[in-house]
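> prediction below, plus the sequence it came from.
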Amino acid sequence: MLAHAHRAPHAALRVSSSTVGTRGRRGGGSPHDTRCSSRQPASIPRQRQRQRPSPYTTPAAAMAATSAPATATSLPPLRMVALDLDGTLLRPDSTLSERTVRTLQELHSQGTMVCVASGRPAPTVRRFARQLNIGPLPTVCFNGACAMLLNDGGNPAADANEKGAEELGSGRGQDEVWFAQTLDMGVVSAVLAVAAELDLPVQYCLPDKSLTSPVGPNQTALVAFFDNLVGPEGHSVKAPSLAPLPPLAPPPVAAADDTNAAPEWPGPLPPPLKLIVITGSQSRADELAVHARRTLSSDTCHVIAAEVHVEFLAPNVNKASGLAHVCGALGLSLDEVVAFGDANNDVEMLTACGMSYAMPNGRKAALAAACRKCRFDNSEDGVAVELEALMADGAFGDLGRALPETGPKASVEMPAR
């Protein structure tokens, strides 16, 4: 999901039964009158397999089963919160409320890890990381195609000018990429061909920027429309071409005094983390997604339809797979994570985590996948309300230890108690 005006509740169109688990029922009740079982998608590596019910049960009979906060039991506590942004954590105007920031800061101060899991590219997550001001921020971006540590979270001075937010390495220290999965270049060629046939622009998503090469007034207008939705940090960089190119021959040596020689287009482009075909409307996005499913098999790419665009990712890439890599880097299990989401691109994550909540105004697939439903939506601090209730019930446990080293460039330090 990308922006406030169109929170893009993604519809995952190629989801096989092997990537979405099943949930246990109690007495055949509603999808929310359940305990979460261990429902790890088969394609996701995990640190340990535990076939057990969720550590949470409905606390009070007076509370409706679809909205009551969870109560901790003697089973292992939650140690991480995984948060979708648009339509979930962010308000409809794409901002964080003071209550949400205060609640997440309190969680962090008590030793709980906070992780963002979004379809957004990394540069557009930065301003929220800085607003949270809790230090390095574990992040799943590009709908799971990249898992990383944003190292400039909590350093507002690092972004004194807005241009710095557009660079992956801006801010405090170097970001650390734990995992990145790119698209096959054959799929790239096929998607570009379909988009060209339909006169639709493509956004070519790299870790540090997104490239576009619009042709004609229609494509140019759609790119401008999409850039306005994602905000200044996610604006497209214009490129001469997005087509995969053969290696270029070495350019001729210019004369010593030829200072005005035009730079050669370097090509070929590196493989993208994902491609976005901008349609401008939900109906056209749905039509394109159906066409893409017929053209490209599910073992070549994962297709996600949003309100104004269609995304193409590598097979089996989703927020759950990305979150599994974050957990692996930090020495946690998905069973120790509570996830919040609202859309179809959150389904795998909501299914895989030990505890999960869907927004009350979310898509049907997200509501069915989640263990519980938030009592309030994103315009009423719905996530903060549930997190405060979980804290009050003792659902979160202090890690009580420093997390392991994550690589030569960075380690994650837990806040002091």
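Right, received. Where do you want to start?

> state the distance from the closest residue to Arg79 other than its chain neighbours to Ala395.
Of all residues not flanking Arg79 in the chain, Glu336 sits nearest, at 4.3 Å (CB to CB, 6 or more residues apart in numbering). From N, CA and C alone the C-beta is placed, and that goes for glycine too. Glu336 is 11 Å from Ala395, where distance means CB to CB, to the nearest Å.

> list residues touching both of those two?
77-78 (CB atoms under 8 Å, 6 or more residues apart in numbering).

> re the thing from before, and the residue nearest to Arg79, what is it in contact with?
Under the criterion of CB under 8 Å, 6+ apart, the neighbours of Glu336 are 76-80, 327, 354.

> and it, how far from Val326?
12 Å.

> ok, which stretches of the stretch 101-250 of the chain are helices?
Along the stretch 101-250 of the chain, the segments classed as helices by DSSP state H, counting those that start in this stretch run 126-132, 185-197, 216-230.

> so where is the stretch 1-150 of the chain shaky, pLDDT-wise?
1-76 (pLDDT under 70).

> how many neighbours does the closest residue to Met359 other than its chain neighbours have?
Residue nearest to Met359 in three dimensions, not counting chain neighbours: Asp342, with 3.9 Å by CB to CB, 6+ apart. By other CB atoms under 10 Å, 30 other residues sit near Asp342.

> Asp342 against Gly382, yeah?
No - using CB atoms under 8 Å, Asp342 is not in contact with Gly382; the gap is 9.3 Å.

> which neighbours do those two have in common?
Common neighbours of Asp342 and Gly382 (CB under 8 Å, 6+ apart) are 88, 359.

> ok so, going back, let's see which of the contacts of Glu336 end up in helices.
Using DSSP state H, the subset of those located in helices is Cys327.

> mind checking which of the contacts of Glu336 are buried?
Restricting the contacts of Glu336 to buried positions leaves 77-80, 327, 354, with burial counted as 16 or more other CB atoms under 10 Å.

> columns distance to Ser109 on top of these, output as CSV?
Listed next are these as CSV, based on distance: CB to CB, whole Å:
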residue, distance to Ser109
Pro77, 16
Leu78, 15
Arg79, 14
Met80, 15
Cys327, 21
Gly354, 22
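
> return the backbone torsion pair for Ile278.
Backbone torsions for Ile278, taken as degrees, to the nearest 10, come to phi -90, psi 120.

> I meant Ala370, not that one.
phi -80, psi 150.

> correct me, but it touches Val338?
No - counting by CB under 8 Å, Val338 is not a contact partner of Ala370; they are 10.3 Å apart.

> now for those two: what residues contact both?
Contacts common to Ala370 and Val338, judged by CB under 8 Å, 6+ apart, are 356-357.

> show me what counts as buried in stretch 184-197.
Applying 16+ other CB under 10 Å to stretch 184-197 flags 187-188, 190-192, 194-195 as buried.

> please apply the same query to stretch 287-295.
288-289, 292.

> among those, which are located in helices?
Using DSSP H, those in helices are 288-289, 292.

> isn't Pro121 right up against Asn143?
No - if you go by CB under 8 Å, Pro121 and Asn143 don't touch, sitting 10.0 Å apart.

> more neighbours: which of these two?
Asn143 (30 against 27).

> contacts only, for that one.
10, 118-119, 274, 304, 311, 313, 317-319, 322, 345.

> looking at the residues you listed, which are in helices?
319, 322.

> now render the contacts of Asn143 as TSV, adding distance to Thr112.
Formatted as TSV, the contacts of Asn143 follow (distance: CB to CB, whole Å):
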residue	distance to Thr112
His10	27
Ser118	19
Gly119	24
Lys274	29
Ile304	29
Glu311	30
Leu313	29
Val317	26
Asn318	24
Lys319	19
Gly322	19
Asn345	24
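
> quick check, nearest of the contacts of Asn143 to Leu222?
Leu222 lies nearest to Glu311 out of these, by CB to CB, at 15.1 Å.

> just flag the most distant two among the contacts of Glu336.
Most distant of the contacts of Glu336, by CB to CB, are Pro77 and Cys327, 15.1 Å apart.

> just to revisit the earlier point, so can I have TSV of the buried residues of stretch 287-295 showing distance to Asn218?
Converted to TSV, the buried residues of stretch 287-295 look like this (distance: CB to CB, whole Å):
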residue	distance to Asn218
Leu288	15
Ala289	20
Ala292	20
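
> which single one of the residues you listed is nearest to Arg363?
Ala289 (14.5 Å).

> surely that closest one touches Val303?
Yes - using CB under 8 Å, Ala289 is in contact with Val303, at 5.5 Å.
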